[in-house]
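Asker: Next comes the sequence, and after it the predicted model I'd like to discuss.
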Amino acid sequence: MRLKDKVAIITGSGSGIGRATALLFGREGAKVMSMDILGDTAEATARDIKDAGGQADYVQGDVAIDADVERMVKTTVERFGRVDVLVNNAGILAVMRVAQVSEDLWDRIIDVNLKGVFLGCKHVIPQMMEQGGGAIVNTSSVAGVRGESNFSAYSASKGGVVLLTRTLAVEYARFNIRVNCVCPGLIQTPMFDRQLALLSDREKALERMKKTIPRRQIGEAEEVARGILFLASDEASLIMGAALPMDGGVWAGDPPW
Ligand code: NAP
């Protein structure tokens, strides 16, 4: 049990990668605070952890709202006494050419994907410093380390997450707080399914997508969860400021045609 008795908050844990991470953390012995903008999905994840014999609770909130994130950390400390791990995972996506992106949509994507990570770190770091340390894992994207057509706001937000991660890693290393991020490629989640559903020929589009991945296979949420678990655990004690590609080889180079 790699997180035995550690207290972990996971944002966006009602669905996809966040849910898989929360369930895995629960199996690894963590006391999990499940957080999502939808209270019922956050609660369902917490319930599933408890049904499997783990410990969990949930809190509803919007990661882009300062008071909600402050309450998330406070509630966790009240409930479990401390916070050892924060996974800033909640995120949203819109795929369109930059000229079609409205100012409101740009602001919302940056607010959730980038400001949300800032707020999580801002509110949890004082608690971790008081305790003597902790680990933060942020969910960036392969779109945060390379350009992707039609992903302007999303890529900008996720690129910001990579550099925020590195900045906080060097700022807090001496306080025994490790900050890292994962950079998933295409992962089978409800977010992925929603994008696929917008395309005209779903099967053909899926085959085209697979050809852009060196391993020729879409990732599973559980595979990303295992990378997050490693970075959150003491096994990663020397790792600070990493942006771990979890993309079947996409970031490594051209796909093998
Ligand atoms: P998902 O299935 O849509 O799950 C994201 C969860 O976050 C949803 O429950 C969502 O609620 C919630 N959420 C959205 N905005 C929120 C907010 N403001 N405050 C709190 N919770 C919020 O997506 P996913 O694919 O698991 O994505 C998880 C993370 O991985 C995101 O940061 C995403 O950008 C990143 N990522 C995903 C992929 C991929 O291919 N799937 C690839 C690279 C990176 P709603 O459903 O109500 O929006």
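Answerer: Sure thing, it's come through. Numbering: from 1, shown residues only.

Asker: Backbone torsions only: list them for whichever residue of the stretch 51-200 of the chain sits closest to the ligand.
Answerer: Taking Cβ to the nearest ligand atom as the measure, the stretch 51-200 of the chain has G91 as its residue closest to the ligand, at 2.2 Å. Using the backbone N, CA and C atoms, a C-beta is placed for each residue, glycine as well. Taking degrees, to the nearest 10, you get phi -160, psi 160 for the backbone angles of G91.

Asker: Tell me the secondary structure at the closest residue to it other than its chain neighbours.
Answerer: Excluding the flanking residues, the one nearest G91 by Cβ to Cβ, 6 or more residues apart in numbering is N113, at 4.9 Å. Secondary structure assignment for N113 (DSSP: H, G, I helix; E, B strand; the rest coil): helix.

Asker: tell me the contacts of N113?
Answerer: 91-92, 154, 157-158, 160-161 (Cβ atoms under 8 Å, 6 or more residues apart in numbering).

Asker: Quick one: the residues you listed as JSON lines, columns for pLDDT too.
Answerer: Shown next, in JSON lines, are the contacts of N113 (pLDDT from 0 to 100):
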{"residue": "G91", "pLDDT": "98"}
{"residue": "I92", "pLDDT": "98"}
{"residue": "Y154", "pLDDT": "98"}
{"residue": "S157", "pLDDT": "98"}
{"residue": "K158", "pLDDT": "98"}
{"residue": "G160", "pLDDT": "98"}
{"residue": "V161", "pLDDT": "99"}
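
Asker: Same list, those, but as TSV with neighbour count, distance to M246 and secondary structure please.
Answerer: Converted to TSV, the contacts of N113 look like this (neighbours: other Cβ atoms under 10 Å; distance: Cβ to Cβ, whole Å; DSSP: H, G, I helix; E, B strand; the rest coil):
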residue	neighbour count	distance to M246	secondary structure
G91	26	14	coil
I92	18	19	coil
Y154	22	17	helix
S157	27	18	helix
K158	29	13	helix
G160	18	19	helix
V161	24	14	helix
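
Asker: Which one of those residues is nearest to E222?
Answerer: Proximity of the contacts of N113 to E222 (Cβ to Cβ) peaks at G91, which lies at 17.8 Å.

Asker: Isn't F230 up against S237?
Answerer: No - look at F230 against S237 with Cβ atoms under 8 Å: they stay out of range, at 11.1 Å.

Asker: who has more neighbours, the two?
Answerer: F230 (16 against 10; other Cβ atoms under 10 Å).

Asker: what's near enough to touch the closest residue to that one other than its chain neighbours?
Answerer: Nearest residue to F230, sequence neighbours excluded (Cβ to Cβ, 6+ apart): A236, at 5.6 Å. Contact analysis of A236 by Cβ under 8 Å, 6+ apart lists 135, 178, 180, 230.

Asker: Farthest pair within these?
Answerer: Pairwise distances across the contacts of A236 (Cβ to Cβ) peak at 11.6 Å, for the pair R178 and F230.

Asker: what stretches of the stretch 151-257 of the chain score poorly on pLDDT?
Answerer: The stretch 151-257 of the chain contains residues with pLDDT under 70 at 255-257.

Asker: which parts of it sit against the ligand?
Answerer: Applying Cβ under 6 Å from any ligand atom, we find that the stretch 151-257 of the chain lies next to the ligand at 184, 186-187, 189-192.

Asker: Which ones among the residues you listed lie within strands?
Answerer: 184, 187 (DSSP state E).

Asker: okay, the residues of the stretch 151-257 of the chain next to the ligand in CSV with neighbour count next?
Answerer: Below are those laid out as CSV (neighbours: other Cβ atoms under 10 Å):
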residue, neighbour count
P184, 26
L186, 21
I187, 21
T189, 21
P190, 13
M191, 17
F192, 18
